[in-house]
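**Q** Mind looking at a prediction? Sequence and model below.
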Amino acid sequence: MEPVDRDGRTEREWLEQYRPGEYERPSVAADMAVFTVTSAETDNYRKLPEKELRLLLIRRGGHPFLGKWALPGGFVRPDETAEQAAARELREETGVSDVYLEQLGTFTEVGRDPRAWVMSCSYMALIDSARVQVQAGDDAEEAAWFKVGYRLLREQKEQLDEGCVKTWTCELKLRTEEEELTAVVERTVTAKPTSTSVVHSIASNDGLAFDHAKIIACAIERLREQTNGTDIALNLMPGRFTLTELQQVYEVILGKELLKAAFRRKVADLVTETDHYADHAGHRPSRLFRRNWEGV
């Protein structure tokens, strides 16, 4: 026998009487922090070009935040999941599909979008720069890759009766040859005997739309954290690469130099050598490696 509720209704009868319009419903957007690594130009042929971590931004062509830079994204359609919407927007903005795509989190702060109640289901995408063909979407004026800088300004700690509060204040700097965007983002961790909470907040913002400075900060922190403990950085590499090029990518993500011997021990199980060599002008040929899929 089909179960009934306290009013004697079956689930089918209850659904027939249900009125979703009686409840306010949010719109849901899928926003993406799309990273790639490029080589900086150099006039010295004996020096390997430096790597640069870059983030794709879209200049908004309409209200709200007209003329400001934002993460690529759009609203989730009724016939798709948030991840499908993110993949669709990524394909429309960059011309690529089948790339590394990871959910960052859901951003629901009241007032984050002046239009209405809009929640952002945000993602991080990693792309080999050789595959990308950037083009602005219908609601954007232009699209550009910004060089990423993210550094710690100060760290504070407050002791509680039981637990502590730690705050890291970081400067986010995004640059092209023509423009520079800056923001200051605070990451506060409150640790108590029975709970731990992490809150990001924007202390200042110059040039970025919505709360995207906070989403970008979360994406950089996630990328750094996972680069330390996983093979995620290999999603930014081409099919074949030198170990020096891979180390450069690790260093530009982590924001620090790494010891060559220690790095090579760290990635020994993540890569496998090929029979191919890179012939850089002014350098001895370097062996090329590829990602080791056996341990995945």
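**A** That came through, no problem. Every value quoted in this text rests on a predicted model; they were computed, and no experiment measured them.

**Q** can you pull the contacts of residue 267?
**A** Contacts here follow CB atoms under 8 Å, 6 or more residues apart in numbering; on that basis residue 267 touches 243, 246. (C-beta placed from N, C-alpha, C; glycine too.)

**Q** thinking residue 221 is in contact with residue 198, fair?
**A** No. Applying CB atoms under 8 Å, one finds residue 221 not in contact with residue 198, separated by 9.8 Å.

**Q** Overlap in contacts, these two.
**A** With CB under 8 Å, 6+ apart, residue 221 and residue 198 have common neighbours residue 187.

**Q** Look at those two and report which has more neighbours.
**A** Between residue 221 and residue 198, counted using other CB atoms under 10 Å, the more crowded position is residue 221 (18 against 11).

**Q** Just the element for the more buried one, please.
**A** For residue 221, the host element (DSSP states H and E) is helix 212-229.

**Q** residues making contact with whichever helix or strand comes after that helix?
**A** Later in the chain than helix 212-229, the nearest helix or strand by DSSP H and E is helix 243-254. Here helix 243-254 makes contact (CB under 8 Å, 6+ apart) with 37, 48, 50-53, 223-224, 227-228, 233-234, 236-237, 257-258, 260, 263-264, 267, 271, 286-287, 289.

**Q** same thing but 6 Å
**A** With CB atoms under 6 Å, 6 or more residues apart in numbering as the test, helix 243-254 has contacts from 37, 51, 53, 223-224, 227, 233, 236, 257-258, 263.

**Q** Next SSE downstream of it?
**A** Next element after helix 243-254 (DSSP H and E): helix 260-266.

**Q** chain center to that next one: distance?
**A** Chain-centre distance of helix 260-266: 26 Å, with CA atoms, centre = their mean, to the nearest Å.

**Q** Please renumber the chain so that the first residue is 2 from this point on.
**A** Right, with 2 as the first residue, what we last looked at is helix 261-267.

**Q** who's in contact with that helix?
**A** If you take CB under 6 Å, 6+ apart as the criterion, helix 261-267 is touched by residue 248.

**Q** got the buried residues for that helix?
**A** Buried residues in helix 261-267, counted by 16 or more other CB atoms under 10 Å: residue 264.

**Q** Which strands border the helix or strand following it, and is each parallel or antiparallel?
**A** Next helix or strand after helix 261-267 toward the C-terminus (DSSP H and E): strand 272-279. Its sheet considered, strand 272-279 pairs with strand 287-292 (antiparallel) by DSSP bridges.

**Q** Identify all contacting residues around the strand it pairs with.
**A** 235, 241, 243, 272, 274-275, 277-279.

**Q** Which of those residues are buried? Put it as a ChimeraX command.
**A** Of the contacts of strand 287-292, the buried ones can be selected in ChimeraX as follows, counting by 16+ other CB under 10 Å:
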select :235,241,243,272
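
**Q** Now tabulate the contacts of strand 287-292 in JSON lines and tack on distance to residue 106 and pLDDT.
**A** Listed next are these as JSON lines, based on distance: CB to CB, whole Å; pLDDT from 0 to 100:
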{"residue": "235", "distance to residue 106": "23", "pLDDT": "96"}
{"residue": "241", "distance to residue 106": "34", "pLDDT": "94"}
{"residue": "243", "distance to residue 106": "35", "pLDDT": "94"}
{"residue": "272", "distance to residue 106": "30", "pLDDT": "96"}
{"residue": "274", "distance to residue 106": "38", "pLDDT": "93"}
{"residue": "275", "distance to residue 106": "37", "pLDDT": "94"}
{"residue": "277", "distance to residue 106": "40", "pLDDT": "90"}
{"residue": "278", "distance to residue 106": "42", "pLDDT": "90"}
{"residue": "279", "distance to residue 106": "38", "pLDDT": "83"}
